[in-house]
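Undergrad: Structure, please.
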Amino acid sequence: MACAKDLELIALRELRSLPGGEHVCHVEINPSGTDWTLVPVMRDGADGAQVLISAKTTELRLKQRYSVRFDW
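TA: The predicted model follows:
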């Protein structure tokens, strides 16, 4: 169990280790009922498609390991 802010920091660290992740400067967790999505914010020069693939991979990995609490 993790709060959204902690999960954002974990996601940013993991996302930066994947291809295209070096261009990600910020990550947000958007709640959607009991589910959530990962939204990366990129710098100029980033390959949007590659960052999106890396973000989706990171999101799936984190969903397997953590459940998020938005009320913390």
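Undergrad: What residues sit buried inside stretch 39-50?
TA: For stretch 39-50, the neighbour count (16 or more other Cβ atoms under 10 Å) marks 40, 42, 46 as buried. In short, each C-beta sits where N, CA and C put it, glycine included.
Undergrad: Columns pLDDT, distance to residue 70 and secondary structure on top of these, output as a markdown table?
TA: Compiled in a markdown table, these are given as follows (pLDDT from 0 to 100; distance: Cβ to Cβ, whole Å; DSSP: H, G, I helix; E, B strand; the rest coil):
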| residue | pLDDT | distance to residue 70 | secondary structure |
| --- | --- | --- | --- |
| 40 | 94 | 19 | strand |
| 42 | 93 | 24 | strand |
| 46 | 88 | 28 | coil |
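Undergrad: Grab the nearest non-local neighbour of residue 37.
TA: Excluding its sequence neighbours, the residue lying closest to residue 37 (Cβ to Cβ, 6 or more residues apart in numbering) is residue 30, at 4.9 Å.
Undergrad: number of nearby residues for the one you found?
TA: 10 (other Cβ atoms under 10 Å).
Undergrad: what residues are up against it?
TA: Contact analysis of residue 30 by Cβ atoms under 8 Å, 6 or more residues apart in numbering lists 36-39.
Undergrad: how close does it get to residue 12?
TA: Going from residue 30 to residue 12 by Cβ to Cβ, to the nearest Å gives 15 Å.
Undergrad: That's all I had, so thanks and see you.
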